[in-house]
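Enquirer: Need a 3D model of the sequence below.
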Amino acid sequence: MSDTLASSEIVREFWSAPPAPLNEAEAAAVTEEIRALLQQEDAVLVAHYYTDPAIQALAEATGGCVSDSLEMARFGRDHKASTLIVAGVRFMGETAKILSPEKRVLMPTLEATCSLDIGCPAEEFAAFCDQHSDRTVVVYANTSAAVKARADWVVTSSIALDVVRYLKDRGEKLIWAPDKHLGNYVQRETGADMILWDSACIVHDEFKAKALEDLQAVYPEAAVLVHPESPESVVKMADAVGSTSQLIAAAQSLPNPVLIVATDKAIFYKMQQAAPDKLLIEAPTAGNGATCRSCAHCPWMAMNGLYSIRDVLQKGDQEILIDEAVRQQAVRSLQRMLDFRKP
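Expert: Alright, predicted model coming up:
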């Protein structure tokens, strides 16, 4: 198994600059262009909670979807549109294509990847699984189509605990990949026999327990909301731990007037809708003077922009294509996930 790359190494090797910010007039003009193109191309916009709020607002306004990766997959599969525009990172577009091979799946940029995907190369992972052939292979959705094809189950953070408890009750021993922090959290909560792949999200890995403790001293009335891709020391400080959709629900239900949130800050768009009267504060990452490009926001999610959505609708040149043999293998593990948690 490869050692986990440092955040700075991953960003330097794979990251491209995000689009320049738009002024109000530019955003309004390109939004109208996109609206017309979506209708013209029989397309629907599916956006993740971590994309720019302007993209999330556009998806909402045009009958699309803003959600976590599980609901993105389900929405794209079930929607009648013949073209899916997936604003997120590449594994989300691949998941849409695996489940909807008959549809054209386009992304604003195919360069938008994920540190967890990068950190779990398919050939290395397959060799690792072969060394532990007696174990059931469970992979997080943040992986390539080829890794999903090698897996028995795919899970998102919203159903990881339930799936692993189910497998444990069946007496199964597991391989978990790729996020070690999420895997560690699931292992602690379930007591399952798990071997963990060594990789981490460059955003969540940055959250710091000591700095969070200092921030809590400033806001003693605050609740702490943490995504389980964060380090164990941060997760242990949480009032609520969960997936993006679960954290939004917690923001709405918790009585605290202030919420410190340890996940990508773009979630604030939907979280503020759910809890309009609450103050939302980013959990501390590398601290003042940090030079990381990942602090509290995924650099690849930031590569999605309104102009790139317009351009891909016009040109159709950022299309997700998957080898059919790989797709047929990957769809089995994905379908298990969807069947396990039917709406």
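
Enquirer: Which parts of the stretch 201-343 of the chain are strands?
Expert: Taking DSSP state E, counting those that start in this stretch as the criterion, the stretch 201-343 of the chain contains strands spanning 222-226, 240-241, 258-262, 279-282.

Enquirer: meant to ask about the stretch 51-200 of the chain
Expert: For the stretch 51-200 of the chain, strands defined by DSSP E, counting those that start in this stretch occupy the ranges 65-67, 83-87, 104-106, 136-140, 153-155, 174-177, 194-196.

Enquirer: Count the residues that sit near residue 191.
Expert: Burial of residue 191, expressed as a neighbour count using other C-beta atoms under 10 Å, amounts to 11. Every residue, glycine included, has its C-beta placed from N, CA and C.

Enquirer: backbone phi and psi for it, please?
Expert: Backbone torsions of residue 191, given as degrees, to the nearest 10, read phi 70, psi 20.

Enquirer: outside of stretch 56-75, which residues touch it?
Expert: The contact list for stretch 56-75, computed with C-beta atoms under 8 Å, 6 or more residues apart in numbering, reads 31, 34-35, 38, 44-49, 76, 79, 85-88, 91-92, 95-96, 99, 141-142, 156-159, 243-245, 266, 269-270, 306, 309, 334, 337-338, 341, 343.

Enquirer: Check the offset of that stretch from the chain's centre.
Expert: Offset of stretch 56-75 from its chain centre (C-alpha atoms, centre = their mean, to the nearest Å): 13 Å.

Enquirer: Also stretch 252-265?
Expert: Worked out by C-alpha atoms, centre = their mean, stretch 252-265 lies 19 Å from the chain centre.

Enquirer: Please report the number of neighbouring residues for residue 48.
Expert: Neighbours of residue 48 (other C-beta under 10 Å): 27.

Enquirer: Same question for residue 257.
Expert: Quick note: residue 257 (other C-beta under 10 Å) scores 13 neighbours.

Enquirer: The one 10 residues further on now?
Expert: The local packing of residue 267 (other C-beta under 10 Å) involves 24 other residues.

Enquirer: do the same with residue 255
Expert: Using other C-beta under 10 Å, residue 255 is surrounded by 7 other residues.

Enquirer: if I look at it, how far off is residue 117?
Expert: With distances taken as C-beta to C-beta, to the nearest Å, residue 255 is found 38 Å from residue 117.

Enquirer: so what's the residue nearest the centre of the chain closest to, chain neighbours aside?
Expert: The chain has residue 69 as the residue nearest its centroid, 5.9 Å off, counting by C-alpha atoms, centre = their mean. Nearest residue to residue 69, sequence neighbours excluded (C-beta to C-beta, 6 or more residues apart in numbering): residue 141, at 4.8 Å.

Enquirer: Go ahead and confirm the one you found touches residue 95.
Expert: Yes: counting by C-beta atoms under 8 Å, residue 141 touches residue 95, with 6.6 Å between them.

Enquirer: out of these two, which sits in the more crowded spot?
Expert: residue 95 (32 against 26).

Enquirer: Disregarding residues adjacent in the polypeptide, which is nearest to the more buried one?
Expert: Counting by C-beta to C-beta, 6+ apart, residue 95 lies nearest to residue 73, which is 5.0 Å off, once chain neighbours are set aside.

Enquirer: mind checking how far the one you found is from residue 46?
Expert: Residue 73 is 9 Å from residue 46, by C-beta to C-beta.
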